[in-house]
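Student: Fold the following, please.
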Amino acid sequence: MSTQASGSAARWPETPGALEREQANLARLAPAPWYPPDGPVAVGGCFMCFCCLEAGVETGFAAATVCRQGALEAAAVVAGEVRAPYVAGLLALREGPLLEEAVRAVGEPPDVLLVNATGRDHPRRAGLALQLGAVLDLPTVGVTHRPLHAHGAWPDDEQGAASPLVLGGAVVGCWLRTRAGARPLAVHAAWRTDPQTARQVVLAVLAGRRTPEPLRLARTAARAARAGQEKRRRTTGQ
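Tutor: Okay, the predicted model is just below:
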């Protein structure tokens, strides 16, 4: 696993107004849809976590992975200062640049990327999962614990059962039961993916767990990097 320090935040809006305008522009685009090809598919995952250091400076740890046929092929973690607080609908201000760096750091890009964020389920129909895909030029699928604005009844309690998530009369994703007896995940159509493709991608990489494996491994890597830094701070007193 490689670990790098963060650098430029180029191509990401830096103010709420600029981000809202970019989201509105992205929502109007109609890129060619992506569908899983025949044969093994490289599925990536990215996740970000945070810790607060002295003087109010918050550090983010973004991790990305690539898996193929159940095996981890590549992983990377980047760390850097977080320059925006959490605001629903404006997550890209907080996470976008570091997540982009992490995905680029894995080297060969995946065929499709799972993102811990929403896509079309968004007040301007362009959540971070969609925007990150546009920036990286990669098909993306959002995977979250709950919808942002969409609504829908939970599916049956059996693995693979799904029910639509609807926003403004349009299906923007689905509730997906990834494991019987566990709370379903919200799976989101994002950049170049529709709800059916999003569901298909997630189901293909569950590895018997509730969370799809590329995203679970990225979450583990990001949290491990945060724990390592916190341990170093306690040891050195800095």
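Student: which of the residues in stretch 43-61 are buried?
Tutor: Neighbour-count burial for stretch 43-61 flags 43-49, 51, 59-61 (criterion: 16 or more other C-beta atoms under 10 Å). C-beta: built from backbone N, CA, C; applies to glycine.
Student: Need the pLDDT of Ile52.
Tutor: Let me fix one detail, which is that residue 52 is Cys and not Ile. Looking at Cys52, its pLDDT reads 76.
Student: do Ala153 as well
Tutor: Here, the pLDDT recorded for Ala153 equals 98.
Student: For it, give me phi and psi.
Tutor: phi -70, psi 150 (degrees, to the nearest 10).
Student: can you check Pro97 too?
Tutor: Dihedral pair for Pro97: phi -60, psi -40, per degrees, to the nearest 10.
Student: Pretty sure it sits against Trp12.
Tutor: Yes: between Pro97 and Trp12 there is a contact under C-beta atoms under 8 Å: 4.9 Å.
Student: neighbour-wise, which of these two wins?
Tutor: Counted by other C-beta atoms under 10 Å, Pro97 and Trp12 do not tie: Pro97 has more neighbours, with 25 against 20.
Student: So which of the buried residues of stretch 43-61 are in helices?
Tutor: Judged by DSSP state H, the buried residues of stretch 43-61 include no members of helices.
Student: and the least confident of those residues?
Tutor: Cys51 (91).
Student: partner residues bridging it?
Tutor: Cys51 has these beta-bridge partners by DSSP bridges: Thr59.
Student: ok, now how distant is the spatially most central residue of the chain from Gly17?
Tutor: Geometric centre of the chain, nearest residue: Val115, 1.4 Å, by C-alpha atoms, centre = their mean. The gap separating Val115 from Gly17 is 24 Å, by C-beta to C-beta, to the nearest Å.
Student: How about Ala170?
Tutor: For Ala170 relative to Gly17 (C-beta to C-beta), the value is 26 Å.
Student: neighbour count winner among the two?
Tutor: Shown here are Ala170 and Gly17; by other C-beta under 10 Å, Ala170 has more neighbours (14 against 8).
Student: contacting residues around that one?
Tutor: Arg120 (C-beta atoms under 8 Å, 6 or more residues apart in numbering).
Student: just the one 10 residues further on next, same as before
Tutor: Applying C-beta under 8 Å, 6+ apart, one finds that Ala180 lies in contact with 157-159.
Student: Check for me that Ile217 belongs to a helix.
Tutor: Just to correct that, residue 217 is Leu rather than Ile. Yes: the assignment for Leu217, made by DSSP: H, G, I helix; E, B strand; the rest coil, places it in a helix.
Student: For it, which residues are in contact?
Tutor: By C-beta under 8 Å, 6+ apart, the contact set of Leu217 is 45, 65, 67, 72, 75.
Student: if we go to 7 Å?
Tutor: Each residue near Leu217 by C-beta atoms under 7 Å, 6 or more residues apart in numbering is listed here: 45, 65, 72, 75.
Student: Of the buried residues of stretch 43-61, which belong to strands?
Tutor: Counting by DSSP state E, these place 43-49, 51, 59-61 in strands.
Student: so where's the chain shaky on pLDDT?
Tutor: 1-10, 54, 237-238 (pLDDT under 70).
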